[in-house]
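A.B. asks: based on what follows, work out the 3D shape:
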Amino acid sequence: MSEKKMTSSRRHHLKSLVLSIAFGLMDAEAKQLVVNKEAHMNENCPALDLPGSTQELQELCKKLHQQIDKVDEERYDLEAKVAKSNKEIEDLKIKVVDLQGKFKKPALKKVRMSADAMLQALLGSKHKVSMDLRANLKQVKKEVKEESAEQVGDWRKNIEDKAGMDGRKKMFESEA
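C.D. replies: Model (predicted):
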């Protein structure tokens, strides 16, 4: 079975329907929030009637300060609970990742890098000394052995001379 693709006008129409439903839900939620806020304010914050005498005003101020302190304590307790819950959530997320245990390792590419570039990458801006590895190598001069014509001559004669004890003695004397 081949699936028919949705036309752009149909997709646009469905998208506009979904958006209109979402906006309707958001409006209803905002109205409910306002109603809940008003109910809370009416319940917890009655209308303020200011008394005429100074004594009554001072008592009212003390009462309001006590309410403020109580609300601050509740707010602090709730913030502590939220912080603790957030920490637990983070710890659980880490545990979940650890339990999954499968990390996708990326395929590594071969990179041609000089020693300087490698040290620069590892050490960052601290690396300023150029590592010219060839400069640190010793210069070795090749010695060309020049064999005398006598030794190069007839090889059979050399072997006969070195045969026997006399030949070995000559060999050690010639090397020394």
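A.B. asks: pLDDT of stretch 43-55, averaged?
C.D. replies: For stretch 43-55, the mean pLDDT works out to 79.
A.B. asks: quick one: residues in contact with stretch 57-68.
C.D. replies: 50-51 (CB atoms under 8 Å, 6 or more residues apart in numbering). C-beta here means a position set from N, CA and C on the backbone, and glycine is covered the same way.
A.B. asks: what residues sit buried inside that stretch?
C.D. replies: By neighbour count with 16 or more other CB atoms under 10 Å, stretch 57-68 contains no buried residues.
A.B. asks: helices of this structure, start to end?
C.D. replies: Taking DSSP state H as the criterion, the chain carries its helices at 8-44, 54-100, 115-123, 149-152, 155-162, 164-175.
A.B. asks: pick the most deeply packed of these.
C.D. replies: Ranked by mean neighbour count, the helices of the chain are led by helix 115-123 with a mean of 13 (mean count of other CB atoms under 10 Å).
A.B. asks: avg pLDDT for that one?
C.D. replies: Helix 115-123 carries an average pLDDT of 77.
A.B. asks: keeping just the C-alphas, turn that helix into PDB.
C.D. replies: This file holds the C-alpha atoms of helix 115-123, laid out as PDB (Å, rounded to 0.1, in the frame of the first residue of the first chain):
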ATOM      1  CA  ALA A 115      54.400  17.300  16.700                       C
ATOM      2  CA  ASP A 116      54.100  21.000  17.100                       C
ATOM      3  CA  ALA A 117      50.300  20.900  16.300                       C
ATOM      4  CA  MET A 118      49.800  18.000  18.700                       C
ATOM      5  CA  LEU A 119      51.600  19.800  21.500                       C
ATOM      6  CA  GLN A 120      49.700  23.000  20.700                       C
ATOM      7  CA  ALA A 121      46.400  21.100  20.900                       C
ATOM      8  CA  LEU A 122      47.400  19.400  24.200                       C
ATOM      9  CA  LEU A 123      49.000  22.200  26.000                       C
END
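A.B. asks: alright, that wraps it up for me.
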